[in-house]
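Visitor: here is my input, please return the structure:
(chains A and B)
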Amino acid sequence: MSANSQDIKPAAKAPDVPPSDGGRFAIPPWLRRAAGISELWTFVILVALVAFFTIAAPGKFFTQYDLTQIAVNAAIYLVLGVGMTFVIITAGIDLSIGSVLVLAAVAAGEYNIHHGGPASSWGTVAVCVVIALAVGAGWGALQGAVVATGKVPPLIVTLGGLGAALGIAELATGGQDPAGAAATHLQNSLGFGKLAGIPWMVILAAAVTALFGAVLGATRFGSHTLAIGSNPTAVRRAGIPVGRHLIMVYGLMGLLAGLGAVMWLASYGTTSIAGHSTDNLKVITAVVLGGTSLFGGRGSVLGTVIGVFIPAVLTTGLIVIGVQQYWQDVAVGVVLVAAVYIDQMRRKTRERA
Amino acid sequence: MASAREPLLAAHGVVKRFGHVQALQGADFTAYAGEVVALIGDNGAGKSTLVNVLSGVLTPDEGEVRLDGVPVRFTGPMDAQRHGVETVYQDLSLAPDLDAAANLYLGRELVRGGLLGRLGVLDRPTMRREAIAAFGELGVELKDVTAPVTTLSGGQRQSVAVARAVAFANKVIFMDEPTAALGVVQRARVLETVRRVADRGICVVLISHNMPEVLSVADRVEVLRLGRRVASFTAADATIEKLVGAMTGSLDEPAQNGNHGATEAEDGR
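Guide: Residues are numbered from 1 along each chain as shown, chains lettered A, B, ... in the order given. Below is the predicted model of the structure:
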């Protein structure tokens, strides 16, 4: 009897829905929901990549050295990606992150140079960290305030910010990376230090990811972020201060760019003024690969983690199997376009239903 | 019969200008507890403006709004909500990517106790439980309150929006064209819900274009034309012809019944 009623359900639905292949098979709801989770698909791709490289280069790819290297390389992008996830979920974008990172690094670096250079004390290191975070958060909040007016699209606000922040950094340094920007203390601790074999860079990135993953998934702040990207008018009518929230979201992005600056200084010891022009594209790619919708309203930090690791695994993997690593750019480009295409299709099907 | 009671919500001489356009030219409005009152009028008659004034979205340039006999001046929709006045917008005002429970509590989220609550950590289990209860009270069946609202049918989405208003309103609910996007069955169900809400002693103000629907569900009908109330009927007295006549001005003797406001000439533009 119960089997019968199961059978009747799709048949009864049929007149409502235009006949489609999906309607004929009784897909269990849990499977359908799991398939709807975009992180799952990206995760499958990541696992497939790791499996492929492990088999293609046995004993070479899956070594502790390579894993550590991948994780360290990914750490800064992961921190930036966490902030970008929040921004993109509000249906925004931040192109300025590379420049903001440089500006924060230059601000902190200049302070360090004038307070002891490479040999500066722990106190100076602490001040530098605060400066980098404050510069990043301040710049981000400023951009957020302009976005919040609703008069200029985020793309343009942060494109302007990209130019302006880099310009200020170059004005302050004459365009040359100043010597002595990072203290030896900072480099030896955060930069090269390890805790139980795990680099501090990785631990820091993991902590930031876990913290803001929880903020997005479990708090009022996260829920409002998703709601704003989903329907800003409804959120405004519900009495949530949308403008203030956007300032906080872009401020958070800036803060994490500032943290990225600290991590960069720690691991490379220089401001790399010219080296961050494609950070924005890399990070946006990772976030979108991770299933966060460019149209706002949907996304997760977990997805971004996976999205960050796909290009990282590809680069290392291709080197290990002896293929020119530039194929990585081609592959990621194709996957990115496919990811957005699928997101669009899914959105359309859902809205038709 | 209605005039013996104290109105729950009353507006007198409300004026609202947008630049040179005077959307409301001294509009009146009266609504009583426990009734469904329909607000009708042709396009541009000022229905939306009046509802926006009454629900706190707009502040009037002149005139007075009284809630429970007390003059009120809402500073925004939130202020109106604090006074127990809710609105179901025509576009439903839902966040389609969030689930029904999250939408029900949008802007009024419940947080956990203690330190976690101070950090803004949501109490999702309670919100879900309360949401199921709220939908149950309205006789709405939602299979899954954790599914994103965008996956629900039009009628279910409507129910979520109505349930949200009902859960928090204790005085007045405005509903802007609540059945415009619905099929026949869902339409009937929403109207049933409207009736049930009014029976709890809440005043439901229904903005609608659909005359048969208005006559079937409303207790009274107030008609706006050119920014003023030109007539108010009890549904029993009203016919579609009378309503359309009042809306279009083809029947131009102002005294229908219980007409307080429209004594002046109407060519005040």
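Visitor: list the contacts of the residue nearest the centre of chain A.
Guide: In chain A, the residue lying closest to the centroid (CA atoms, centre = their mean) is residue A:81, at 1.3 Å. Neighbouring residues of residue A:81 by CB atoms under 8 Å, 6 or more residues apart in numbering or on different chains: A:283, A:286, A:287, A:290, A:304, A:305, A:307, A:308. All C-beta atoms are positioned from the backbone trio N, CA, C, and that covers glycine.
Visitor: right, and the helix or strand after the helix or strand where it lies?
Guide: Following DSSP states H and E, the helix or strand that holds residue A:81 is helix A:64-89. Going down the chain from helix A:64-89, the next helix or strand is helix A:97-113, by DSSP H and E.
Visitor: now the very next helix or strand once past that following helix: buried residues?
Guide: Note on helix A:97-113: by DSSP H and E, the next helix or strand toward the C-terminus is helix A:122-148. Neighbour counts over helix A:122-148 (16 or more other CB atoms under 10 Å in any protein chain shown) mark A:124-125, A:127-129, A:131-148 as buried.
Visitor: give me the residues contacting the helix or strand just after helix A:122-148.
Guide: Using DSSP H and E, the next helix or strand after helix A:122-148 towards the C-terminus is helix A:154-173. For helix A:154-173, contacts defined as CB under 8 Å, 6+ apart pick out A:87, A:92-96, A:98-100, A:102-103, A:105-107, A:110, A:139, A:142-143, A:146-147, A:271, A:273, A:280.
Visitor: in helix A:154-173, what's buried?
Guide: Here helix A:154-173 shows A:154, A:157-159, A:161-162, A:164-166, A:168-170, A:172-173 as buried, counting by 16+ other CB under 10 Å.
Visitor: so what does the very next helix or strand once past it touch, helix or strand wise?
Guide: Per DSSP H and E, the first helix or strand lying C-terminal to helix A:154-173 is helix A:184-186. In this structure, helix A:184-186 packs against helix A:122-148, helix A:242-268, with contacts taken as 3 or more CB pairs under 8 Å, 6 or more residues apart in numbering or on different chains; DSSP states H and E.
Visitor: which outside residues touch helix A:184-186?
Guide: Against helix A:184-186 from outside (CB under 8 Å, 6+ apart): A:118, A:119, A:120, A:121, A:122, A:125, A:128, A:262, A:265, A:266.
Visitor: cool, stretch B:74-83 as well?
Guide: Against stretch B:74-83 from outside (CB under 8 Å, 6+ apart): A:237, A:239, B:55-57, B:59, B:65, B:67, B:72, B:85-87, B:107, B:168-169, B:171.
Visitor: state the mean pLDDT of it.
Guide: Taken as a whole, stretch B:74-83 has an average pLDDT of 88.
Visitor: kindly report the same for stretch B:93-105.
Guide: On average, stretch B:93-105 scores 92.
Visitor: what's near enough to touch residue A:70?
Guide: Contact partners of residue A:70, counting by CB under 8 Å, 6+ apart, are A:309, A:312, A:313, A:316.
Visitor: tell me the SS of the last one?
Guide: Think residue A:316. helix (DSSP: H, G, I helix; E, B strand; the rest coil).
Visitor: give the contact list for it.
Guide: A:53, A:61, A:66, A:69, A:70.
Visitor: quick check: the third one touching residue A:315?
Guide: Which is residue A:66. No. Using CB atoms under 8 Å, residue A:66 is not in contact with residue A:315; the gap is 10.7 Å.
Visitor: number of nearby residues for residue B:159?
Guide: Using other CB atoms under 10 Å in any protein chain shown, residue B:159 has 26 neighbouring residues.
Visitor: contact partners for it?
Guide: B:135, B:138, B:140, B:142, B:189, B:190, B:193 are the contacts of residue B:159 under CB under 8 Å, 6+ apart.
Visitor: which bits of chain B sit near chain A?
Guide: Proximity of chain B to chain A is confined to B:57, B:76-78, B:81, B:87, B:89, B:91-98, B:102, B:106-109, B:111, B:119-122, B:124, B:148, B:150-151 under the rule CB under 8 Å from any CB of the partner chain.
Visitor: which residues in chain B form helices?
Guide: B:47-54, B:77-82, B:100-104, B:114-118, B:124-137, B:154-168, B:184-199, B:211-217, B:240-248 (DSSP state H).
Visitor: Throw those into CSV and include distance to residue A:333, thanks.
Guide: Below are those laid out as CSV (distance: least, CB to CB, whole Å):
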stretch, distance to residue A:333
helix B:47-54, 47
helix B:77-82, 45
helix B:100-104, 35
helix B:114-118, 42
helix B:124-137, 38
helix B:154-168, 38
helix B:184-199, 45
helix B:211-217, 54
helix B:240-248, 59
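Visitor: comparing those, which stretch has the densest surroundings?
Guide: Of all the helices of chain B, helix B:100-104 carries the top mean neighbour count, a mean of 27, counting by mean count of other CB atoms under 10 Å in any protein chain shown.
Visitor: quick one: it to chain centroid distance?
Guide: Put simply, helix B:100-104 sits 20 Å off its chain's centre (CA atoms, centre = their mean, to the nearest Å).
Visitor: what packs against it?
Guide: helix B:124-137, helix B:154-168.
Visitor: in CSV: these, plus mean pLDDT.
Guide: What follows is those, written out as CSV (pLDDT from 0 to 100):
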stretch, mean pLDDT
helix B:124-137, 88
helix B:154-168, 86
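Visitor: so can I have a markdown table of the ones you listed showing distance to residue A:214?
Guide: Output for the helices and strands packed on helix B:100-104, formatted as a markdown table (distance: least, CB to CB, whole Å):
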| stretch | distance to residue A:214 |
| --- | --- |
| helix B:124-137 | 13 |
| helix B:154-168 | 27 |
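Visitor: in strands only, show me the contacts of stretch B:74-83.
Guide: Per DSSP state E, strands hold the following members of these: B:65, B:67, B:72, B:85, B:86, B:87.
Visitor: quick check: bridge partners of the fourth one?
Guide: Read that as residue B:85. residue B:172 (DSSP bridges).
Visitor: what's near enough to touch it?
Guide: B:9, B:54, B:55, B:56, B:67, B:74, B:169, B:171, B:172, B:173, B:174.
Visitor: change it to 10 Å
Guide: B:8-9, B:54-56, B:67, B:72, B:74, B:77, B:79, B:165, B:168-174, B:203, B:205 (CB atoms under 10 Å, 6 or more residues apart in numbering or on different chains).
Visitor: likewise the last one?
Guide: In this structure, residue B:87 makes contact with A:237, B:51-52, B:54-57, B:77, B:80-81, B:93, B:161, B:165, B:169, B:172-176, B:205, judged by CB under 10 Å, 6+ apart.
Visitor: where are the low-confidence patches of chain A?
Guide: A:1-38, A:350-353 (pLDDT under 70).
Visitor: correction: chain B
Guide: Short version for chain B, where the test is pLDDT under 70: B:1-4, B:251-269.
Visitor: give the residue farthest from the middle of it.
Guide: residue B:115 (38.1 Å).
Visitor: and that residue, how far from residue B:121?
Guide: 9 Å (CB to CB, to the nearest Å).
Visitor: do the same with residue A:313
Guide: Distance from residue A:313 to residue B:121, by CB to CB: 33 Å.
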